[in-house]
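Visitor: Could you look at this predicted model? Sequence included:
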Amino acid sequence: MSKANTNSRPEARLAKGFRDIEAPELKALADMTGKIREVYERYGFDALETPAIEYTDALGKFLPDQDRPNAGVFSFQDEDEQWMSLRYDLTAPLARYVAQNYQSLPKPFRRYAFGNVYRNEKPGPGRFRQFMQFDADTVGAEGIAADAELCMLAADTLEALGVKRGDYRIKVSSRKLLDGLLSAAGLEGEDNAGRRLTVLRAVDKLDRLGIEGVSQLLGKGRKDESGDFTKGADLTPAQTMEVIGFLERPIAENANNPAFQAGVDDLLKLQEICAAAGYEDNRIRLDQTVVRGLEYYTGPVFEAELTFEVKDEDGKPVRFGSVGGGGRYDDLVARFTGEKVPATGFSIGVSRLQAALSLIGEKKVETLGPVVILVMDKGEIATYQKMTQALRNAGIRAEMYLGSSGMKAQMKYADKRNSPCVIIQGSDERAKGEVTIKDLIEGAKAAAAIKDNKEWKEARPAQFSVSENHLVQEVHNLIKRHQG
RNA sequence: GCCGCCUUAGCUCAGUUGGUUAGAGCGCUAGAUUGUGGAUCUAGAGGUCCCCGGUUCAACUCUGGGAGGCGGUACCA
């Protein structure tokens, strides 16, 4: 092979921000999505799958931030030069679907969906450019009951996944409340649009930066430890006081202020509905610091937060924070039909939640690999394959070794596959109509106690011979022993 | 986007004040063990020292730029 050829070989590498997921994690993922699905279906939502790719204009451009007008979405042009994009959430495709099938859908329409979504952004710790979301949305219901229901669904889902009560919280606020705050602070009008965004972003950071940090962001700005300067909203001291005051007093105390009336009414009603169903403050709690997406929410917004702390490998405490969220978006379908359709939804960040759950000590249950039938004699492959099929027909994971290496390598292979046992039939056993079953798990335990090679050889721990006819039964018993 | 750190074997990392054949541990392959995963010993394979330019007799090392990774921060539909 020429040198030029060698140099032109591609490097085996992953695209930035993407990752491979291997068997154990996929298994955990499947378990998890199964449990989530069960809760969602119990709440009466029906499954809907839409494609990962849509026409760009159908997905819409929800990138109102002045800073980055068009980043964030993976897009490309089709043959006919139409722009297509990978979906960046599951809500935009839902809006398209509802608009397209409006006539025939039952209203309200309740659907759940899960799948990978894609964002063309810089990946960060625990953040990738492909990740899984699991959504439930109700379209066509304007009452607050629909929102309350999603909060309860969120709580039930987390508990179904093994998060203990008290280790999570569903926080609820309302965009109307924040609108009230902005007008109370005198920030109405076109020329204050930028400031409004900055104020909301500052409010969103309260739990991380505290009152002090938020005050800086409301005023001149704030410089963080990394040296980055975040420009502030440049509010007057009086305006800042207004915002800080709002953050410090309970939501209900705003009830007499007309600016906050609509938001407070909604939230108190939501709280009442949840409380009546047994979901008290320890699970679903009003919290005026919840902000969420800035552009499209129009009513209640909620966020599911894990509240426990966990130490990472270096012993440093890690907070997981938000693992899901949602809210009411009444304008999304109107983009297509011109008709205002009320909608509300909740979305779980599956990948993130899974990372959190794996850290709170779900003991890694080593799943057993397949039984491996060793090939002792290449002339007897048909016999080995027959044994393999007999095990498979009995519902036992099994495979005949398909490589070309010797017995020792085959044993190592079985070891690496985490096999419960291997099946050995060389000429000795065949002459007697027997097979040797070697229990790899017991064998490993025995090996720990044996230091001397001679002893190891002579002991040949944890193996026994049985008649061919009893192979399936014996293997079945062995596996059962290790699983129990 | 902004700030900081990092990039040498499959993995984790040494190393060279710029000098000719770049190292370790683990892992991998094989042998000691004619049919047995562990342990021990032995041997072997495996590297454009991230990329491109500059300085130099000489660059893996110095320098400029770039890419990638990590960690903050910003943004997050």
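Guide: Sure, I can see it.
Visitor: Tell me how far the helix or strand that contains A:Leu153 lies from the chain's centre.
Guide: A:Leu153 belongs to helix A:144-160 when assigned by DSSP states H and E. Mean-position distance between helix A:144-160 and its chain equals 17 Å (C-alpha atoms, centre = their mean, to the nearest Å).
Visitor: Could you do stretch A:262-282 as well?
Guide: The chain centre lies 27 Å from the centre of stretch A:262-282; the measure is C-alpha atoms, centre = their mean.
Visitor: What would it look like as CSV? C-alpha coordinates only.
Guide: C-alpha atoms of stretch A:262-282 as CSV (Å, rounded to 0.1, in the frame of the first residue of the first chain):
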residue,chain,number,x,y,z
ALA,A,262,-54.3,37.0,35.8
GLY,A,263,-51.1,35.1,36.6
VAL,A,264,-51.8,34.7,40.3
ASP,A,265,-55.4,33.5,39.6
ASP,A,266,-54.1,30.8,37.2
LEU,A,267,-51.5,29.6,39.6
LEU,A,268,-53.7,29.5,42.7
LYS,A,269,-56.2,27.5,40.7
LEU,A,270,-53.6,25.1,39.5
GLN,A,271,-52.3,24.7,43.0
GLU,A,272,-55.8,24.0,44.2
ILE,A,273,-56.4,21.3,41.6
CYS,A,274,-53.1,19.6,42.4
ALA,A,275,-53.7,19.8,46.2
ALA,A,276,-57.2,18.3,45.8
ALA,A,277,-55.6,15.3,44.1
GLY,A,278,-53.0,14.9,46.8
TYR,A,279,-50.1,16.7,45.2
GLU,A,280,-49.0,19.1,47.9
ASP,A,281,-46.2,21.6,48.1
ASN,A,282,-43.6,18.9,48.6
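Visitor: which residues sit against it?
Guide: If you take C-beta atoms under 8 Å, 6 or more residues apart in numbering as the criterion, stretch A:262-282 is touched by A:144-145, A:147-148, A:151-152, A:155, A:165-166, A:169, A:172-180, A:251-252, A:254-255, A:283-284, A:286, A:299-300. (C-beta placed from N, C-alpha, C; glycine too.)
Visitor: Tell me what the residue in the stretch 51-200 of chain A that RNA strand B sits nearest to is bridged to.
Guide: Going by C-beta to the nearest atom of the strand, RNA strand B is nearest to A:Gly72 of the stretch 51-200 of chain A, at 2.7 Å. With DSSP bridges as the criterion, the beta-bridge partners of A:Gly72 are A:Asn120.
Visitor: is it true that it touches A:Asn120?
Guide: Yes. A:Gly72 lies in contact with A:Asn120 (C-beta atoms under 8 Å); the separation is 5.7 Å.
Visitor: The two: which has the busier surroundings?
Guide: The residue with more neighbours, out of A:Gly72 and A:Asn120, is A:Gly72; 17 against 14, by other C-beta atoms under 10 Å.
Visitor: How about the contacts made by the more buried one?
Guide: Here A:Gly72 is in contact with A:63, A:88, A:119-121 (criterion: C-beta under 8 Å, 6+ apart).
Visitor: Lowest-confidence one in the residues you listed?
Guide: Across those, the smallest pLDDT goes to A:Leu63, namely 42.
Visitor: Name the nearest residue to the residue nearest the centre of chain A, sequence neighbours excluded.
Guide: What sits nearest the mean C-alpha location of chain A, by C-alpha atoms, centre = their mean, is A:Val350, with 1.1 Å. Closest residue in space to A:Val350, ignoring its immediate chain neighbours: A:Met132 at 4.0 Å, by C-beta to C-beta, 6 or more residues apart in numbering.
Visitor: Identify the bridge partners of that neighbour.
Guide: Bridge pairing for A:Met132 (DSSP bridges) gives the partners A:Asn116.
Visitor: got a pLDDT number for it?
Guide: Listed pLDDT for A:Met132 reads 93.
Visitor: Over to A:Met1?
Guide: If you check A:Met1, the pLDDT there is 32.
Visitor: Check whether A:Ala355 really touches A:Gly126, as I assumed.
Guide: Yes. With contact defined as C-beta under 8 Å, A:Ala355 counts as touching A:Gly126 (5.9 Å).
Visitor: Show me where the stretch 251-400 of chain A has its helices.
Guide: A:261-276, A:334-337, A:350-359, A:381-393 (DSSP state H, counting those that start in this stretch).
Visitor: Which elements pack onto the last one?
Guide: The reference is to helix A:381-393. Judged by 3 or more C-beta pairs under 8 Å, 6 or more residues apart in numbering; DSSP states H and E, the packing partners of helix A:381-393 are strand A:371-373, strand A:398-400, helix A:471-483.
Visitor: For the ones you listed, could you give me CSV that also reports mean neighbour count?
Guide: Shown next, in CSV, are those (neighbours: other C-beta atoms under 10 Å):
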stretch, mean neighbour count
strand A:371-373, 27
strand A:398-400, 20
helix A:471-483, 16
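Visitor: I'd like to know how many residues surround the residue in the stretch 201-350 of chain A that RNA strand B sits nearest to.
Guide: RNA strand B sits closest to A:Gly293 of the stretch 201-350 of chain A, with a gap of 1.9 Å, by C-beta to the nearest atom of the strand. Neighbour count of A:Gly293, defined by other C-beta under 10 Å: 16.
Visitor: Please apply the same query to the one 5 residues further on.
Guide: By other C-beta under 10 Å, the residues close to A:Thr298 number 20.
Visitor: in terms of contact, does it touch A:Asp331 like I think?
Guide: Yes. Using C-beta under 8 Å, A:Thr298 is in contact with A:Asp331, at 6.3 Å.
Visitor: could you pull out the strands for the stretch 201-350 of chain A?
Guide: A:221-223, A:229-231, A:284-286, A:300-311, A:317-328, A:343-349 (DSSP state E, counting those that start in this stretch).
Visitor: remind me which residues of chain A are low pLDDT?
Guide: Applying pLDDT under 70 to chain A flags the ranges A:1-11, A:61-71, A:294, A:310-318, A:360-366.
Visitor: If the residue nearest to A:Pro250 when sequence neighbours are not counted is in a bridge, with which residues?
Guide: Spatial nearest neighbour of A:Pro250, excluding adjacent residues (C-beta to C-beta, 6+ apart): A:Leu286 at 8.0 Å. Note on A:Leu286: beta-bridge partners A:Val172, judged by DSSP bridges.
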